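K.L.:
sequence and predicted structure are below.
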Amino acid sequence: MNLRQLTSLIFLIGLGLLLASVIKSLPLDTGRVGAEILKIAPAEIGTANIVTSIVLAYRGLDTLGELTILFVAATAAGMVLGRGRINTTPQAGFILRTASFVLFPFLIITGSYIIIHGHLTPGGGFQGGAILAVAFFLPVLASVGNSLDHRTSSIIEGFAGITFIVVGLLALLNQGHFLAPLFGVGTVGELISAGSLPLLYMAVGLKVGAELAALLVSLAESESY
C-alpha cells in the first residue's frame with residue numbers, strides 16, 4: 001500500500017467515525033415522528049393521503065430540491081442532445097401507431113386524475129406527470145405526429161415552476177412556513193380540501209410531465225440520426 005492509498009484509507013476511517021458520532025448524537029426516532037404525523041396531518045394539513053402532507057408540507061423544501069434537480073438534468077440533457085437536425089426515423093408499425101392513437105386520451109385522463117386526486121388517494125404530481133409525459137411521447141415514438149414543441153414544453157415547465165415557488169412564498173409570508181396550506185384545510189376526504197396543496201400538485205405534475213416528455217423526445221431524436 002503506497003502513501004496515497006494509506007492517506008485515503010485514514011481519511012475514510014476518520015470520516016466514518018465522524019459521521020457515526022454525529023448520527024449517534026442525533027435524537028432520531030422515526031417511529032415516533034411517523035406516528036405524530038399520522039395523528040396530526042389530517043387536521044393540520046387536510047389531506048386524506050398522508051404522503052401528500054409530507055411531500056408538500058412537512059418536507060416541502062426537499063420537494064423543491066427534487067424539482068430543481070430534475071430541471072437541471074433535463075436542461076443539461078437537452079443542451080447535449082439538441083442538434084436541430086431533421087428526423088429521418090421511418091414510421092412505426094401498425095400496432096404501435098394504433099396504440100399511440102388509442103391510448104393518448106386515456107393516458108391524459110389517467111395522469112390528470114392522479115394529479116388532481118393526489119391529496120386524497122395514492123399518487124400525485126410526480127406519478128401523474130410521468131404518465132402525461134408518456135402520453136405525449138408515444139406519438140413521437142410511433143412517428144405518427146409532429147415532434148414535441150420544445151418551446152411550448154419549456155413555457156409550461158417554467159410557468160409550473162414559478163407557480164410552485166410563488167405559492168410557497170405566499171405561504172411563508174402568511175402562515176410562517178414554506179408551502180403551508182393556504183385557503184384553509186377544508187374537509188378531509190373531499191376534492192376541494194387541503195388548501196393550496198392540490199394546486200401545488202398540479203404545478204408539480206405539469207413541470208414533471210413537460211420536462212420528462214422533452215427529455216424522452218430528445219433521447220429518441222438523438223437515437224434516430
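P.N.:
Received, thanks.

K.L.:
show me the shaky parts of the protein.
P.N.:
1-5, 7-8, 22, 25-31, 81-92, 144-148, 221-225 (pLDDT under 70).

K.L.:
make it 50
P.N.:
86, 225 (pLDDT under 50).

K.L.:
can you map out the helices along it?
P.N.:
3-25, 30-44, 50-53, 60-81, 94-116, 125-142, 150-175, 197-223 (DSSP state H).

K.L.:
in a markdown table: these, plus distance to residue 187.
P.N.:
Placement of C-beta: from N, CA and C, glycine included. Converted to a markdown table, these look like this (distance: least, C-beta to C-beta, whole Å):
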| stretch | distance to residue 187 |
| --- | --- |
| helix 3-25 | 41 |
| helix 30-44 | 10 |
| helix 50-53 | 15 |
| helix 60-81 | 22 |
| helix 94-116 | 17 |
| helix 125-142 | 22 |
| helix 150-175 | 19 |
| helix 197-223 | 13 |
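
K.L.:
so for residue 183, which of those sits nearest?
P.N.:
Proximity to residue 183 (C-beta to C-beta) singles out helix 197-223 among the helices of the chain, at 8.8 Å.

K.L.:
now that closest one: how far from the chain's centre is it?
P.N.:
8 Å (C-alpha atoms, centre = their mean, to the nearest Å).

K.L.:
next, the angle from it to helix 60-81.
P.N.:
Relative orientation of helix 197-223 and helix 60-81, computed by axes from the mean of the first three to the mean of the last three C-alpha atoms, to 10 degrees: 20 degrees.

K.L.:
list the helices and strands helix 197-223 packs on?
P.N.:
Applying 3 or more C-beta pairs under 8 Å, 6 or more residues apart in numbering; DSSP states H and E, we find helix 197-223 packed against helix 50-53, helix 60-81, helix 94-116, helix 125-142, helix 150-175.

K.L.:
redo that, cut-off 7 Å
P.N.:
helix 60-81, helix 94-116, helix 125-142, helix 150-175 (3 or more C-beta pairs under 7 Å, 6 or more residues apart in numbering; DSSP states H and E).

K.L.:
so what touches the second one?
P.N.:
The one in question is helix 94-116. The contact list for helix 94-116, computed with C-beta atoms under 7 Å, 6 or more residues apart in numbering, reads 91, 123-125, 127-129, 131-132, 134-135, 138-139, 142, 144, 198, 201-202, 205.

K.L.:
C-alpha coordinates for that helix, PDB please?
P.N.:
Presented in PDB, the C-alpha positions along helix 94-116 are these (Å, rounded to 0.1, in the frame of the first residue of the first chain):
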ATOM      1  CA  PHE A  94     -49.500  -0.500 -37.400                       C
ATOM      2  CA  ILE A  95     -49.800  -1.800 -33.800                       C
ATOM      3  CA  LEU A  96     -47.700   0.900 -32.300                       C
ATOM      4  CA  ARG A  97     -49.300   3.600 -34.400                       C
ATOM      5  CA  THR A  98     -52.800   2.500 -33.500                       C
ATOM      6  CA  ALA A  99     -51.900   2.000 -29.800                       C
ATOM      7  CA  SER A 100     -50.400   5.500 -29.600                       C
ATOM      8  CA  PHE A 101     -53.600   7.000 -31.100                       C
ATOM      9  CA  VAL A 102     -56.000   5.000 -28.900                       C
ATOM     10  CA  LEU A 103     -54.000   5.300 -25.600                       C
ATOM     11  CA  PHE A 104     -53.400   9.100 -25.800                       C
ATOM     12  CA  PRO A 105     -56.700  10.300 -24.400                       C
ATOM     13  CA  PHE A 106     -56.700   7.500 -21.700                       C
ATOM     14  CA  LEU A 107     -53.200   8.500 -20.600                       C
ATOM     15  CA  ILE A 108     -54.200  12.100 -20.400                       C
ATOM     16  CA  ILE A 109     -57.300  11.400 -18.300                       C
ATOM     17  CA  THR A 110     -55.400   8.900 -16.000                       C
ATOM     18  CA  GLY A 111     -52.500  11.300 -15.500                       C
ATOM     19  CA  SER A 112     -54.800  14.200 -14.800                       C
ATOM     20  CA  TYR A 113     -56.900  12.200 -12.400                       C
ATOM     21  CA  ILE A 114     -53.800  11.000 -10.400                       C
ATOM     22  CA  ILE A 115     -52.600  14.600 -10.100                       C
ATOM     23  CA  ILE A 116     -55.900  16.100  -9.100                       C
END
